[in-house]
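> kindly return the folded structure for what I paste below:
(2 chains)
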2 protein chains.
Amino acid sequence: MARYDFRSPRLHLEATLSSGAEIGLGKSQAHYLQNVLRLKPGDWVLVFNGRDGEWRAALSGAGKRAALTLQEPTRGQTLPLDLHYLFAPLKHERLDYMVQKAVEMGVSHLQPVLTQHAQAQRIKVERVRANAIEAAEQCGVLTVPEVCEPISFGRALGERQPDRLLVFCDEDAEVKDPIAALSAARAAPGQARATPPLAVLVGPEGGFSDAERAAVLKEPNVVRLALGPRILRADTAAVAALALVQAVLGDWR
Amino acid sequence: MARYDFRSPRLHLEATLSSGAEIGLGKSQAHYLQNVLRLKPGDWVLVFNGRDGEWRAALSGAGKRAALTLQEPTRGQTLPLDLHYLFAPLKHERLDYMVQKAVEMGVSHLQPVLTQHAQAQRIKVERVRANAIEAAEQCGVLTVPEVCEPISFGRALGERQPDRLLVFCDEDAEVKDPIAALSAARAAPGQARATPPLAVLVGPEGGFSDAERAAVLKEPNVVRLALGPRILRADTAAVAALALVQAVLGDWR
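Okay, the predicted model is just below:
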């Protein structure tokens, strides 16, 4: 990320972004910029909305009439990699943490999946969305990942299109070369940079049930990874698996 | 980790482990087993000491006379991979978290390095050691990583043996195939499984200084990784980098 400005404050906005546009700030964003960050009129902020790229904007006005005036584009809009992250819900801070990590690792969809041994059987989707926005603002992505309502394990498997490679992180799997396993899923030579749609499934701390494991292993287009000989916490497994997937198949190349 | 018993409580002991040995428990371990886990005499615990492998032991006695009687070995001692993890100290819970993750990822040495932009310029080594022991107990490793006193950045570079591959995680690096970069450091064909001594260096949230970066890039046997186009928190970078290193060069194969 040479020369990327990651020190300016960065905000996600809903409004359309174009040169010279003046965008009123919501109450919490105005408070954050003026009172928490103590920005003054004229100070810069980076803004993005997932559609119009990233822009440099200047703070104008004060108090409730604070606004951002867009000055110049800093980066053009790019599409996120089509990478779904399927995970058994965790509780509280561990969930917040996992969502933050998944956003940093470049996922496009966050799909909670209710497994038998999941720590939690429901999640506050709005809280997850707020965390995803904040993580996206801080890690420089140009699109906030979509956060989906939780679904059952069976439905998650059933709804997957067969062309979406499913990377199944399974503590019971044999430890063997994960790079080779993922590389086999790459497109043929001559299409070296084409990336298939991807999904990474990480189970709960208690592991998958035998029935869940059997169901996944019946599915086509599945790569099964042990993620080494040690036990990984679910949030460690998430980052590790996503790192391997991004490095072999994704945008870390 | 097929058939590995990760549900039994697991304790690190200092004493020598051999069949039939009866090992008295320290006050906090006795409290943990009897009062926190509510184990009863005869209940099983797994124990290890980093030298004699892992054993199944039965709780005996009660209160202050609680002891563990070793019954049978469950796993033979293995040597950890020679993998040093060099990191700029973080504060408080973030440090605890990073240490836990590094242990899960199989490092053999935790070496805090004082960089210019580090969040903290000192750490409580005993606290880090206690966290490393707890993480080792929970993730199934047979050896607790060594925790070293913090040293300066210059000293960390100066003390590295040139044959120890240094994986330099640098947010300013160009994004390009990290698998290829790491694979180039593997031993020649015919020695496919030999692993060189390894070190992974992850900088602070504020990044490395220009002087620090220049100093590393002058050193021999360095692989520089961007870890993708997004900004990663230091603890995310740690897990991601260690996952790539373990998958290409380490014990995830």
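
> OK, contacts around residue A:90?
For residue A:90, the contacting residues are A:98, A:119, A:120, A:204, A:205, A:234, A:235, by CB atoms under 8 Å, 6 or more residues apart in numbering or on different chains. Placement of C-beta: from N, CA and C, glycine included.

> state the pair within those residues that is farthest apart.
A:120 and A:235 (13.7 Å; CB to CB).

> more crowded one of those two?
Per other CB atoms under 10 Å in any protein chain shown, whichever of residue A:120 and residue A:235 has more neighbours is residue A:235, with 25 against 17.

> nearest residue to the more buried one in space, please, no chain neighbours.
The spatially closest residue to residue A:235, leaving aside those adjacent along the chain, is residue A:98, at 4.6 Å (CB to CB, 6 or more residues apart in numbering or on different chains).

> which residues touch the one you found?
A:87, A:90, A:234, A:235, A:238.

> same question, residue A:83
A:106, A:107, A:108, A:109, A:197, A:198, A:199, A:200, A:242, A:245, A:246, A:250.

> swap in 10 Å and give it another go.
Contacts here follow CB atoms under 10 Å, 6 or more residues apart in numbering or on different chains; on that basis residue A:83 touches A:102, A:105-109, A:145, A:164, A:167, A:195, A:197-200, A:242, A:245-246, A:249-251.

> likewise for residue A:105?
A:83, A:85, A:139, A:200, A:238-243, A:245-246, A:250, A:252, B:227-228, B:230, B:232, B:236, B:239-240.

> so which of those sit within strands?
Mapping the contacts of residue A:105 onto strands (DSSP state E) picks out A:83, A:85, A:200.

> check what pLDDT the first one gets.
Okay, so that is residue A:83. Note on residue A:83: pLDDT of 97.

> and it, bridged to which residues?
residue A:198 (DSSP bridges).

> please apply the same query to residue A:223.
residue A:167.

> local confidence estimate at it?
96.

> surely it touches residue A:168?
Yes - counting by CB atoms under 10 Å, residue A:223 touches residue A:168, with 6.8 Å between them.

> which residues do those two both contact?
By CB under 10 Å, 6+ apart, the residues touching both residue A:223 and residue A:168 are residue A:200.

> wait, residue A:130 sits on residue A:103?
No - Residue A:130 lies out of contact with residue A:103 (CB under 10 Å); the separation is 11.8 Å.

> check contacts around residue A:175.
Contacts of residue A:175 by CB under 10 Å, 6+ apart are A:225, A:226, A:227, A:228, A:229, A:230, B:1, B:2, B:251, B:252, B:253.

> quick one: secondary structure of it?
coil (DSSP: H, G, I helix; E, B strand; the rest coil).

> roughly how far apart are it and residue A:225?
Plainly put, residue A:175 is 9 Å away from residue A:225 if you go by CB to CB, to the nearest Å.

> ok, residue A:196 next?
16 Å.

> out of residue A:130 and residue A:103, which sits in the more crowded spot?
residue A:103 (28 against 14).

> quick check: closest non-adjacent residue to the more buried one.
residue A:135 (3.8 Å).

> those helices in the stretch 151-253 of chain A, which residues are they?
In the stretch 151-253 of chain A, the segments counted as helices under DSSP state H, counting those that start in this stretch are A:153-159, A:178-183, A:210-218, A:234-248.

> among the ones you listed, which is the most enclosed?
helix A:234-248 (a mean of 27; mean count of other CB atoms under 10 Å in any protein chain shown).

> before we move on, the earlier item: could you redo the helices of the stretch 151-253 of chain A as a markdown table and give each row mean pLDDT and distance to residue B:28?
Listed next are the helices of the stretch 151-253 of chain A as a markdown table, based on pLDDT from 0 to 100; distance: least, CB to CB, whole Å:
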| stretch | mean pLDDT | distance to residue B:28 |
| --- | --- | --- |
| helix A:153-159 | 96 | 40 |
| helix A:178-183 | 94 | 38 |
| helix A:210-218 | 97 | 37 |
| helix A:234-248 | 96 | 26 |
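
> wait, which of those helices is closest to residue A:43?
From the helices of the stretch 151-253 of chain A, taking CB to CB, the stretch that ends up closest is helix A:234-248, at 33.4 Å.

> work out the gap between the closest one and the centre of the chain.
12 Å (CA atoms, centre = their mean, to the nearest Å).

> if we can go back for a sec, quick check, nearest of the contacts of residue A:98 to residue A:153?
residue A:87 (11.5 Å).

> what pLDDT is listed against the residue nearest the centre of chain A?
In chain A, the residue lying closest to the centroid (CA atoms, centre = their mean) is residue A:103, at 2.9 Å. You'll see residue A:103 listed with a pLDDT of 97.

> doesn't it belong to a helix?
Yes - applying three-state DSSP, one finds residue A:103 inside a helix.

> contacting residues for it?
Applying CB under 10 Å, 6+ apart, the residues contacting residue A:103 are A:85, A:110, A:131-139, A:141, A:143-145, A:147, B:230, B:236.

> that one and residue A:155, how far apart?
When residue A:103 is compared with residue A:155 (using CB to CB), they lie 24 Å apart.

> what of residue A:94?
Distance from residue A:94 to residue A:155, by CB to CB: 24 Å.

> kindly report the same for residue A:107.
19 Å.

> so where's chain A shaky on pLDDT?
A:1-6, A:187-194 (pLDDT under 70).

> against which helices or strands is the lengthiest strand in chain A packed?
With secondary structure taken from DSSP E, chain A has its longest strand at strand A:67-75. Helices and strands touching strand A:67-75, by 3 or more CB pairs under 10 Å, 6 or more residues apart in numbering or on different chains; DSSP states H and E, are strand A:22-24, helix A:27-31, strand A:44-48, strand A:54-60.

> between those, which one is nearest to residue B:36?
helix A:27-31 (41.1 Å).

> which positions within the closest one qualify as buried?
A:29, A:30 (16 or more other CB atoms under 10 Å in any protein chain shown).

> can you flag which of the contacts of residue A:103 belong to helices?
A:131, A:132, A:133, A:134, A:135, A:136, A:137, A:138, A:139, B:236 (DSSP state H).

> the fourth one and residue A:209, how far apart?
Applying CB to CB, one obtains 33 Å for the distance of residue A:134 from residue A:209.

> circling back to that earlier point, any shared contact partners between residue A:175 and residue A:225?
residue B:252.

> let me see the contact set for residue A:69.
A:19, A:20, A:21, A:22, A:23, A:41, A:42, A:57, A:58, A:59, A:60, A:61.

> hang on, the earlier thing: which residues do residue A:120 and residue A:235 both contact?
A:90, A:94, A:95.
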